[in-house]
Each structure stands twice: as C-alpha cells, then as structure tokens.
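> 3D, please:
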Amino acid sequence: MTFEEAFAAIGPDVEAIAELLCIPAAEADKLVNSELNKAHAEKARRAARKEYQRTWMERKRAGVPA
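Residues are numbered from 1 along each chain as shown. Modelled structure (predicted):
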C-alpha cells in the first residue's frame, strides 16, 4: 500500500499510517504534513484566483481601464 492510498483511507492519523506502512511515526508525520501543506496551498491558490477575478470584474463594470 502506498502513502497516498493509506492517507485516503485513514486520513491524517499519523500513528495509524505509520503502523500500516511499517515506517517510523516521524516519517509518517512528515508525509502527512507535506500532504496537508499541499492541500492548503491549493486552497489558497484557488482563493487568490477567485479574488483576482472578482476585483477584475468589478473594475471592468466600473469602466476602469486594465
């Protein structure tokens, strides 16, 4: 079983992932933190893009040149 499969099945439970994959808890913690950081970065990127689009549309409607 890969880490991605274990993370999808169990979630961010470090101890359970470490036991399932037979790796040290510290290593499992690093992998879980990495996965959570990727998810957070993607969410922040989407929010920034949405905010950019909202302000662009407001400027366009107000007739402000780009």
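> Tell me which residue is most central in the protein.
Centre of the chain computed as the mean C-alpha position; nearest residue by C-alpha atoms, centre = their mean is A39, 0.3 Å away.
> same question for stretch 36-53, mean pLDDT?
The average pLDDT within stretch 36-53 is 97.
> how much distance is there from it to the middle of the chain?
Chain-centre distance of stretch 36-53: 9 Å, with C-alpha atoms, centre = their mean, to the nearest Å.
> Any buried residues in that stretch, and which?
By 16 or more other C-beta atoms under 10 Å, stretch 36-53 has no buried positions at all. Quick note: C-beta positions are derived from backbone N, CA and C, even for glycine.
> same check, this time on stretch 2-19
Counting neighbours by 16+ other C-beta under 10 Å, stretch 2-19 gives F3, A6, F7, V14, I17, A18 as buried.
> same thing with stretch 16-34?
Those would be I17, A18, L20, L21, A28, L31, V32, for stretch 16-34 by 16+ other C-beta under 10 Å.
> roughly how far apart are the residue nearest to the centre of the chain and L21?
20 Å (C-beta to C-beta, to the nearest Å).
> circling back to that earlier point, any idea which element the residue nearest to the centre of the chain lies in?
Using DSSP states H and E, A39 sits in helix 25-62.
> Centre of the chain to that helix, how far?
The answer for helix 25-62 is 7 Å, by C-alpha atoms, centre = their mean.
> I'd like to know which elements it is packed against.
Applying 3 or more C-beta pairs under 8 Å, 6 or more residues apart in numbering; DSSP states H and E, one finds that helix 25-62 contacts helix 3-10, helix 14-21.
> looking at those, which is closest to E51?
In terms of C-beta to C-beta, the element of these nearest to E51 is helix 3-10, at 29.2 Å.
> State the mean pLDDT of the closest one.
94.
> Let's test this: what are the backbone torsions at I23?
When read as degrees, to the nearest 10, the backbone of I23 gives phi -130, psi 160.
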